[in-house]
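> sharing a model prediction with you, sequence too.
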Amino acid sequence: MQETTDPRLILLSPEDNCLIAAARLPAGETLMIEGEAVTLATTIELAHKVARRALPKDEKVLRYGAIIGHVSADVARGEHLHTHNLESDYIPTFTHDAGHAYVQH
């Protein structure tokens, strides 16, 4: 029996431990990830990453079958993967703070 995943989540490579949102997914929505119902704690924007399975702190994150970084904290299945819990292993990560200045993470 094939496990089902919501069609709004895209698996780019079979090795990946993240999925890509093909639509904006609102907080509180329940969707299927490989046969398991998961309720989203936060809104996930279009093209953002979602944990395909639970990821322990420091686990490498694979996208397109390649390592893109590691998680900086334990991540639950269906959790948003972004700069708050994902660090690049290759380049510094910069975001805007409240004052609109770039800060390194």
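Thanks, I have it.
> ok, longest strand in this structure?
As assigned by DSSP state E, the longest strand anywhere in the chain is strand 66-71.
> packing partners for the helix or strand following it?
As assigned by DSSP states H and E, the chain's next helix or strand after strand 66-71 is strand 80-81. On a contact count with 3 or more CB pairs under 8 Å, 6 or more residues apart in numbering; DSSP states H and E, strand 80-81 meets strand 49-51. Using the backbone N, CA and C atoms, a C-beta is placed for each residue, glycine as well.
> what does the strand it packs on rub up against?
By CB atoms under 8 Å, 6 or more residues apart in numbering, the residues outside strand 49-51 that reach it are 9, 17-21, 25, 33, 44, 61, 63, 75-82, 86.
> now do whichever helix or strand comes after it: distance to the chain's middle.
Later in the chain than strand 49-51, the nearest helix or strand by DSSP H and E is strand 60-63. From the chain centre to the centre of strand 60-63 is a distance of 10 Å (CA atoms, centre = their mean, to the nearest Å).
> returning to that earlier point: who does the longest strand of the chain pair up with?
Here strand 66-71 is paired, per DSSP bridges, with strand 60-63 (antiparallel), strand 86-87 (antiparallel).
> out of these, nearest to R52?
Minimum separation from R52 across the strands paired with strand 66-71 (CB to CB) falls at strand 60-63, 9.3 Å.
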